[in-house]
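Participant: can you look at this prediction? I've put the sequence above it.
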Number of protein chains: 2
Amino acid sequence: MALATTRSSTPRAVRDPADGSPTHQSLKSAQTRARLIDAAIRCIVRFGYANTTTPRVASEAGLSRGAMLHHFENGQALIKAAIVELHEKRLRAFRRAADVGDHDVGTLVHTYWRQLQKPGFIAFHELALAARTHPELGRILQPLQAEFSARFNEQAYALFPEWQGQRDQFDLAMTLSQTMLEGLAVGLLTGSVKEATVEPMLALLEQQIRALNPALAQQASA
Amino acid sequence: MALATTRSSTPRAVRDPADGSPTHQSLKSAQTRARLIDAAIRCIVRFGYANTTTPRVASEAGLSRGAMLHHFENGQALIKAAIVELHEKRLRAFRRAADVGDHDVGTLVHTYWRQLQKPGFIAFHELALAARTHPELGRILQPLQAEFSARFNEQAYALFPEWQGQRDQFDLAMTLSQTMLEGLAVGLLTGSVKEATVEPMLALLEQQIRALNPALAQQASA
DNA sequence: TGAAAAAAACATGCATGCTTGTTTTCGCCT
DNA sequence: AGGCGAAAACAAGCATGCATGTTTTTTTCA
């Protein structure tokens, strides 16, 4: 997706009638848009961001390219929508994970790890790396990434009473977790890490987190 | 670089006369080839692999596109040469680091970390991620990556008497280091990690490595 | 019937490999 | 020794393919 620097114009959104009742067409339109966004994400995962072209996305969605551009104006608009969708997916998954009653460190680590195994992470990493050399993409991605990071850390901190009053240690543990787990995930993606070493790494991370908090230290580690 | 699936033909290498003495032409040719390879790597770092086109590389090298294709047949041959060059750079850097007399854990961690800060790592990561969706690239990259990994681990194991007889622990420490440091480097690249958190992370890694080896445990950690 | 959705047709730009042309260097041979 | 032919280094142009956005036509449905 070349992400041509075009003026972002008329965001051809679904417009219901004045009374707000969704018409048949507006429903179908929203549904088609969703199908296109999903197709875009699938393409990014399967072919990589660089090879995610408009004809491919359209064909993946089972639509003509013309129909696709009817809904999205240009490729950039579609990518932007896909990013927002991915972001919201991430937030939803985080909320779901936070709702789990069990706040054991090991469970948390494994939950986060499972998140990174999903296709969404691949797509995000593809986009994040592409953004390095594509300012246009960076401008879209950066604020969302910051928002997620802030919300994630804040919520997590509030969720764990064991860390109260040790914000620095907690932040360190969070950064450590993100770094290790994402490093592991990227390593798997690029083949520099073998599948068999994943579990030992998770155990090591868990152990390290416990070591950072005296209140957790006495609990057994795997 | 589209990496068209073309038959790899005549690897137009530099051929000296039978007596092996380098002629003026062969020297200049080798030099030009090196300039092209360097230009390719620079382009990958600056524009990303996907935006590394043959005209860009040629212009970066200060040559015409025709001249470039005279030396490299097609884009793929150039990329392949660039990968090999990067691989050898990595091996050389590793050898240099191993020659340092001081085998302190902290020094080693920082030395490895400094390696990952160099442009070569960016290029390698770009290529590794592109290889995920580009089998052609993967076939080139994979064996070199395996060779480096094996050589790296073997040499490092021989270099540290403190770990003798604890191969499993040692391998774990190596994987941990690679995962953490590469995760950190990628995090910096994609903006998901702040510069300020790097040093604390390195300290944490160092501490964890010491914890894995009783012989190192008594030494002070930062 | 008329507006939105979908499809098709169109025009442009760029990257790729290939081919042709020009200059420089090398080996050889009288 | 010196010039001649071959080959390599370099440059430029050509044709193809594909991705992009724009415009026009057809279909669908309230």
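Facilitator: Yep, it's here. Note that this is a predicted model, so its numbers are computed, not measured.
Participant: so which other helices or strands are in contact with the host helix or strand of residue A:129?
Facilitator: Residue A:129 is part of helix A:119-132 when elements are defined by DSSP states H and E. With contacts taken as 3 or more C-beta pairs under 8 Å, 6 or more residues apart in numbering or on different chains; DSSP states H and E, helix A:119-132 sits against helix A:24-47, helix A:75-99, helix A:135-159, helix A:167-190, helix B:119-132, helix B:167-190. To be clear about C-beta, it is placed using only N, CA and C from the backbone, and glycine gets the same treatment.
Participant: that helix near DNA strand D at all?
Facilitator: No: with C-beta under 7 Å from any atom of the strand as the criterion, DNA strand D is not reached by helix A:119-132; the gap is at least 12.5 Å.
Participant: got the angle between that helix and helix B:24-47?
Facilitator: Here helix A:119-132 runs at an angle of 120 degrees relative to helix B:24-47 (axes from the mean of the first three to the mean of the last three C-alpha atoms, to 10 degrees).
Participant: how distant is helix A:119-132 from the center of its chain?
Facilitator: Relative to the centre of its chain, helix A:119-132 is centred 8 Å away, using C-alpha atoms, centre = their mean, to the nearest Å.
Participant: quick one: contacts of it?
Facilitator: Helix A:119-132 has contacts (C-beta atoms under 8 Å, 6 or more residues apart in numbering or on different chains) with A:41-42, A:44-45, A:48-50, A:79, A:82-83, A:86, A:89-90, A:93, A:115, A:137-138, A:141-142, A:145, A:185-186, A:189, B:48, B:50, B:125-126, B:129, B:189-192.
Participant: so among those residues, which ones count as buried?
Facilitator: For the contacts of helix A:119-132, a neighbour count by 16 or more other C-beta atoms under 10 Å in any protein chain shown gives the buried set as A:41-42, A:44-45, A:48-50, A:79, A:82-83, A:86, A:89-90, A:93, A:115, A:137-138, A:141, A:145, A:185-186, A:189, B:48, B:50, B:125-126, B:129, B:189-192.
Participant: just the residues you listed that are near DNA strand C?
Facilitator: Counting by C-beta under 7 Å from any atom of the strand, no member of the buried ones among the contacts of helix A:119-132 reaches DNA strand C.
Participant: where does chain A get nearest to chain B, which residue?
Facilitator: With C-beta to the nearest C-beta, the shortest gap between chain A and chain B falls at residue A:183, namely 1.9 Å.
Participant: ok, the residue lying closest to that residue once chain neighbours are set aside - contacts?
Facilitator: For residue A:183, ignoring the flanking residues on the chain, the nearest one in space by C-beta to C-beta, 6 or more residues apart in numbering or on different chains is residue B:183 at 1.9 Å. For residue B:183, the contacting residues are A:179-184, A:186-187, by C-beta under 8 Å, 6+ apart.
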